[in-house]
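Trainee: Quick one: sequence and predicted model below, then my questions.
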Amino acid sequence: MSNGIKRRGLLLVLSSPSGAGKSTLSRNLLENDDNISMSVSMTTRAPRSAEVDGKDYHFATQAEFDELVNDDGFLEHATVFENSYGTPAAPVEAALRDGKDVLFDIDWQGTQQLNQRIGSDLVRVFILPPSKSELLNRLKTRAQDSDEVVAKRMTKANSEISHWAEYDYVIINDDLESAKVELSNILKAERMKRARQTGLADFVSDLTKD
């Protein structure tokens, strides 16, 4: 911290339906804040051509993944389309102890698992589009998906949005620059919470000595 008082790190979770701007907000935060890093998940799927082990994912065999599951070594994990994904606990817990923050780009199910495992360190932010028509427009203008895929994403969005009330903060992303500021302000305020400033007790003790 700027005042030199030691603090515990936090886990910042961003969730949203596809097209609401979560990835853009995540990327901006990582580029402009040196004290937060992206959580690197473990997966059993094969790496794609440009992916780097340890940076994009920790690539593992199914046996290695299952062993970590059995050892309670994940903060959250799931199987999607026959591939397993999970967040290894050890590096995240080490970052928290060192006062470093970790960013998660996960859905509501992963967020629930994190909350059960490490709730007091969790800050949950849900990103909403300004309207259904704008969400549809954003998905179409990305020009990456077919009309069929866009329709499926819109259907899935209704289910995802229904979990908004499980989050600590909600940002309506009708203006990207405003949303960036709002997310930054949330992070600043959460870092200042008394419970996270683990060095405050010693600081106040020194301050009040005769």
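Mentor: Done, it's in.
Trainee: Could I get the full set of strands for the protein?
Mentor: With DSSP state E as the criterion, the chain has strands at 11-15, 36-38, 42-43, 58-59, 74-80, 83-88, 101-105, 122-128, 169-172.
Trainee: buried set for the last one?
Mentor: It stands for strand 169-172. 169, 171 (16 or more other Cβ atoms under 10 Å). Placement of C-beta: from N, CA and C, glycine included.
Trainee: Tell me the strands beside it, with direction?
Mentor: Sheet pairing for strand 169-172, assigned by DSSP bridges, gives strand 122-128 (parallel).
Trainee: contacts for the partner strand?
Mentor: Contacts with strand 122-128, where a contact means Cβ atoms under 8 Å, 6 or more residues apart in numbering, come from 10-16, 20-22, 25, 111, 114-115, 161, 163-164, 166-173, 179, 183, 186-187, 190.
Trainee: mind running it again at 7 Å?
Mentor: If you take Cβ atoms under 7 Å, 6 or more residues apart in numbering as the criterion, strand 122-128 is touched by 10-16, 20-22, 25, 111, 114-115, 161, 164, 167-173, 183, 186, 190.
Trainee: Number of residues surrounding the residue lying closest to Lys156 once chain neighbours are set aside?
Mentor: Distance criterion Cβ to Cβ, 6 or more residues apart in numbering; nearest residue to Lys156, sequence neighbours excluded, is Pro17 at 7.0 Å. Using other Cβ atoms under 10 Å, Pro17 has 21 neighbouring residues.
Trainee: Ok, the one 4 residues further on next?
Mentor: Other residues within reach of Gly21 by the criterion other Cβ under 10 Å amount to 21.
Trainee: beta partners of Val123?
Mentor: Applying DSSP bridges, one finds that Val123 bridges with Leu12.
Trainee: Then Ser37?
Mentor: Val102.
Trainee: who's in contact with it?
Mentor: Applying Cβ under 7 Å, 6+ apart, the residues contacting Ser37 are 100, 102-103.
Trainee: Nearest spatial neighbour of the residue positioned nearest the centre of the chain, chain-adjacent residues omitted?
Mentor: Per Cα atoms, centre = their mean, the C-alpha nearest to the average position across the chain is that of Phe104, at 1.8 Å. Nearest residue to Phe104, sequence neighbours excluded (Cβ to Cβ, 6+ apart): Val13, at 4.5 Å.
Trainee: what about the one you found, distance to Gly19?
Mentor: To Gly19, Val13 is 18 Å away according to Cβ to Cβ, to the nearest Å.
Trainee: Then Glu134?
Mentor: 9 Å.
Trainee: do Lys140 as well
Mentor: Computed as Cβ to Cβ, the Lys140 to Gly19 distance reads 9 Å.
Trainee: Mind listing residues that contact stretch 65-75?
Mentor: Taking Cβ under 7 Å, 6+ apart as the rule, stretch 65-75 contacts 42, 44, 77, 84, 86-90, 92, 113-114, 117-118.
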